[in-house]
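Undergrad: 3D model of this:
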Amino acid sequence: MTSRSRARITSIVLLFLGLALTSTSPVWVHGDTEPTGIFRITLMVPQPSQARQAWSLLVQSNLQALGIDAQRVVLDWPTIFDRALTPASDVLGRSYDNGGFDALFLGYALGIDADPYSYYHSSQYAPIGSNYYLWNNSQNDQ
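TA: Okay, the predicted model is just below:
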């Protein structure tokens, strides 16, 4: 493995770790289970996407190498859609073990003139917008 590949993998792992640590529903708080690592995270992966499945294996392996209890589940689109993209209000913001989701391998086709407003503005929580991650940052909103 080249140093450039290692740097790219490290960057991806740190990105996912940063997303997990800034979540409004901390993934290390699983009341019904005890993590075997630093904290526990479940990676949700859409079944029809071979590329996302491959990336999720790489990310899972790297998280585990860092001492994180990283689990991976491959789910069909209807399950992912219901659980992460149109969740019931009683599970919105909850961890995977509590009916929500920790991390989801998903891509957006924002087009040439990309506007991520509906994905990251605090007023755009689902189902109004597409802020499924409950990202809330006043500086970002400005």
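Undergrad: need the helices for the protein, in chain order.
TA: Counting by DSSP state H, the chain has helices at residues 3-21, 50-65, 77-80, 117-120, 138-141.
Undergrad: I would like the residues contacting the third one, please.
TA: With contacts defined as CB atoms under 8 Å, 6 or more residues apart in numbering, helix 77-80 is touched by M44, P46, Q47, P48, L104, L106. Where C-beta positions appear, they are placed from N, C-alpha and C, glycine not excepted.
Undergrad: hmm, which of the residues you listed are the buried ones?
TA: Among the contacts of helix 77-80, the ones that count as buried by 16 or more other CB atoms under 10 Å are M44, P46, L104.
Undergrad: How about the contacts made by the first one?
TA: Just to be clear, that refers to M44. By CB under 8 Å, 6+ apart, M44 lies in contact with V73, L75, I80, R83, A84, Y96, F101, D102, A103, L104, F105.
Undergrad: ok, what's across the strand from the residue nearest to the spatial centre of the chain?
TA: Residue closest to the average C-alpha location in the chain (CA atoms, centre = their mean): A103, at 2.1 Å. Beta-bridge partners for A103, by DSSP bridges, are L43.
Undergrad: I'd assumed R52 was in contact with it.
TA: No: contact criterion CB atoms under 8 Å: A103 and R52 do not qualify, at 11.5 Å.
Undergrad: what residues are up against I68?
TA: Here I68 is in contact with L17, G37, I38, F39, R40, I41 (CB under 8 Å, 6+ apart).
Undergrad: Out of those residues, who's the most crowded?
TA: I41 (27 neighbours; other CB atoms under 10 Å).
Undergrad: Check the burial of D76 by counting its neighbours.
TA: The burial count for D76: 10, using other CB under 10 Å.
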